[in-house]
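Asker: I would like to see how this sequence folds:
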Amino acid sequence: MPHQAIRFYHRGAVVEVRGAHPTRTVLEWLREDAHCTGTKEGCNEGDCGACTVMIGELPGRSEAPGTTVRGLALRTVNACLQFLPTLHGKALFTVEDLKAADTATQPGALHPVQQALVDCHGSQCGFCTPGFVMSLWSTYEHHSACDTQPTRQQLADDLSGNLCRCTGYRPILDAGQRMFDLPAIALDTAPVVAALQGIARGASEGSFSYAGPNAARRTDHFHAPRTLDALAALRLQHPQAQLLAGSTDVGLWVNKMFRDLGDILFVGDVDAMKVVEERDHLGGRELYIGAGASLTRAWEALVQRVPALTDMWLRFASPPIRNAGTMGGNVANGSPIGDSPPILMALDAQIELRRGERVRRMPLQDFYTDYMKNRLETGEFVQGLAIPLTALARQVRGYKISKRFDCDISALCGGFAIELDGDRVAAVRLAFGGMAATVRRAAHAEAALRGQPWSQEAVQAAQAALASDFAPLSDMRASAGYRLQVAQNLLRRFWLETRTADPLPSALTSVFSAMPHAAPAATASPSDLQGA
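Answerer: This next block holds a predicted model:
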């Protein structure tokens, strides 16, 4: 296909970019090329939130993991991780785009989000402030569109990807509540929608292809197919090309490891890979999650059906990371501390793989062969994940242990599911991340429980059996002894929460009992989770 310019909406006009390398980040382009230096570079790995920006898309051509406001789907992402070609056909909003209702008569006037931060003394050194502004603006637009106001805990959840080390969060949360008391300002989406529709009409055969030179003057290609068939064909043609979805992991390979990716095959424009729906399969019903569905929508779908996973969902990275990253990518990259695989294994998930016209499935627990190794064949890619609805009826829990409560990498993670026949264990699934070279199930501990009364004695036997299942390593996140002891403790907690006599209520086990999160149904309904 012919090479094209990267075209996107920014600062009131359609921008065309040529000649930039495909791995040039949005943050680099903003600061060095567009000279929009309000967006800051902090950690350059998606942890601090100083580079938070808003992306706008046409809902009909995107999965819309954020909020749809007057024909425009909005979501926050980290500019430091997003490669510039992924902006094609989208709109980019930065802190420079916020303004008062009438700047002609009020020069220098601020948007309500910014004014609230000033009024509440929510900024000190100011370096992190633009990122907080953009996250709060996302909250502002969402609740303004729904005619609601967030609770203080909802604000804290929305800001979990933004770090401040000067002011502290109390005045920033005050500002999040204060901004709704100021005269309202609505984003004018009409010119943005019109511009994006114009870019869409000019697309070559519905696909996008871009090329740019690297430092050695080699030309690298960025392919963005629109259909599954086109993706499968390109994967066969370019089996060594780097697959790219949300760039929340691959972006770090470039920013922190300085890896040369070569050609890139982007799956983010394939709507068929973003479907999240219930469907029939081999005489049963399943929840199907396309490999391109964002972590936001995938976890929303799980939490709507298993509310006990709410804390796990909201502690998985941050809103900008969940809006960009995909559950398929989290599974495919094979990290032994990935947070999705333990939950999915506990739910008997299958992984769906495609190579050309051939589609095959296997249990997720069989997919990993060793550290960062899997059963993908040359030219094959992850197409989706499938969870039997019967598994969602089990008692399920997910536990994440990390040094920082919000937006941190797990030291270990557990996904547990149990089926009881009276007071006996009919079936049990215990999957752990951070305990071995791959995420895997605890076969000996499961065997110690299966067929036994769901009792303290059985749990103690399973705790002892964990030492036969795992020989964890010590690293910067936790020692081997700590990991094993905590894994045993989590098994006991699971029993305390699910035992047949006097189970512990969530109010006694969740740190959020005093300030609960929003119910999943408030942000999406099952029908909303259908693919675009």
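Asker: looking at the protein, which helix or strand does the model trust least?
Answerer: strand 67-69 (a mean of 80; mean pLDDT, DSSP states H and E).
Asker: what lines up beside that one in the sheet?
Answerer: strand 72-78 (antiparallel) (DSSP bridges).
Asker: mean confidence for the next helix or strand after the partner strand?
Answerer: Moving toward the C-terminus from strand 72-78, the next helix or strand (DSSP states H and E) is strand 91-93. What strand 91-93 shows for mean pLDDT is 97.
Asker: Please list the outside residues in contact with the helix or strand just after strand 91-93.
Answerer: With elements assigned by DSSP H and E, the helix or strand that comes after strand 91-93 is helix 112-119. Residues from elsewhere that reach helix 112-119 (CB atoms under 8 Å, 6 or more residues apart in numbering): 98, 109-110, 122-123, 129, 132-133, 136-137, 140, 172, 175-176, 178-185. Using the backbone N, CA and C atoms, a C-beta is placed for each residue, glycine as well.
Asker: which parts of helix 112-119 are buried?
Answerer: 112, 113, 114, 115, 116, 117, 119 (16 or more other CB atoms under 10 Å).
Asker: List only buried entries from the contacts of helix 112-119.
Answerer: In these, the ones that pass as buried (16+ other CB under 10 Å) are 98, 110, 122-123, 129, 132-133, 136-137, 140, 172, 175-176, 178-180, 185.
Asker: Next step: those restricted to helices.
Answerer: Among those, DSSP state H puts 129, 132, 133, 136, 137, 140, 172, 175, 176, 178 in helices.
Asker: wait, isn't the last one in contact with residue 120?
Answerer: Yes: using CB atoms under 8 Å as the test, residue 178 is close enough to residue 120 to be in contact (5.5 Å).
Asker: picking that back up, which two among the buried residues of helix 112-119 are spaced furthest apart?
Answerer: Across these, no pair lies farther apart than 113 and 119, at 11.0 Å, counting by CB to CB.
Asker: And for the least confident helix or strand of the chain, what's in contact with it?
Answerer: By CB under 8 Å, 6+ apart, the list of residues contacting strand 67-69 reads 59, 73, 74, 75, 138, 141, 142, 144, 145, 187, 189.
Asker: Tabulate the residues you listed (a markdown table), appending pLDDT, neighbour count and distance to residue 507.
Answerer: Below are the contacts of strand 67-69 laid out as a markdown table (pLDDT from 0 to 100; neighbours: other CB atoms under 10 Å; distance: CB to CB, whole Å):
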| residue | pLDDT | neighbour count | distance to residue 507 |
| --- | --- | --- | --- |
| 59 | 86 | 13 | 38 |
| 73 | 93 | 22 | 36 |
| 74 | 95 | 25 | 34 |
| 75 | 95 | 23 | 32 |
| 138 | 96 | 23 | 30 |
| 141 | 94 | 23 | 33 |
| 142 | 93 | 19 | 28 |
| 144 | 92 | 19 | 32 |
| 145 | 90 | 15 | 32 |
| 187 | 91 | 21 | 39 |
| 189 | 93 | 18 | 41 |
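Asker: and the two most separated of the residues you listed?
Answerer: Farthest-apart pair in the contacts of strand 67-69 is 59 and 144; separation 17.6 Å (CB to CB).
Asker: about what we covered before: can you pull the buried residues of the least confident helix or strand of the chain?
Answerer: So for strand 67-69, counting by 16+ other CB under 10 Å, buried means 67, 68, 69.
Asker: who's in contact with residue 215?
Answerer: By CB under 8 Å, 6+ apart, the neighbours of residue 215 are residue 21.
Asker: where along the stretch 301-450 of the chain do the helices fall?
Answerer: 310-315, 319-324, 327-332, 340-346, 389-392, 443-449 (DSSP state H, counting those that start in this stretch).
Asker: what's the closest of those helices to residue 375?
Answerer: helix 327-332 (11.2 Å).
Asker: Which other helices and strands does that closest one contact?
Answerer: strand 284-290, helix 295-305, helix 340-346, strand 381-388 (3 or more CB pairs under 8 Å, 6 or more residues apart in numbering; DSSP states H and E).
Asker: Tell me which of these approaches residue 410 most closely.
Answerer: Per CB to CB, nearest to residue 410 of the helices and strands packed on helix 327-332: helix 340-346, 9.1 Å.
Asker: next one: the closest one to chain centre, how far?
Answerer: 15 Å (CA atoms, centre = their mean, to the nearest Å).
Asker: Give me the below-cutoff pLDDT ranges for the stretch 151-300 of the chain.
Answerer: For the stretch 151-300 of the chain, the stretches flagged by pLDDT under 70 are 202-206.
Asker: what about the strands in it?
Answerer: 208-213, 219-224, 242-244, 264-266, 276-281, 284-290 (DSSP state E, counting those that start in this stretch).
Asker: Going by neighbour count, list what's buried in the first one.
Answerer: Applying a neighbour-count criterion of 16+ other CB under 10 Å, one finds 208, 209, 210, 211, 212 buried in strand 208-213.
Asker: okay, those in TSV with distance to residue 235 next?
Answerer: Converted to TSV, the buried residues of strand 208-213 look like this (distance: CB to CB, whole Å):
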residue	distance to residue 235
208	16
209	15
210	18
211	18
212	21
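Asker: Which members of these are the farthest-apart pair?
Answerer: Applying CB to CB across these, the maximum distance is between 208 and 212, 13.3 Å.
Asker: Now do the shared contacts for these two.
Answerer: Joint contacts of residue 208 and residue 212 (CB under 8 Å, 6+ apart) are residue 222.
Asker: Tell me the bridge partners for the residue nearest to residue 266 when sequence neighbours are not counted.
Answerer: Nearest non-adjacent residue to residue 266, counting by CB to CB, 6 or more residues apart in numbering: residue 224, 4.3 Å away. Note on residue 224: beta-bridge partners by DSSP bridges are residue 208.
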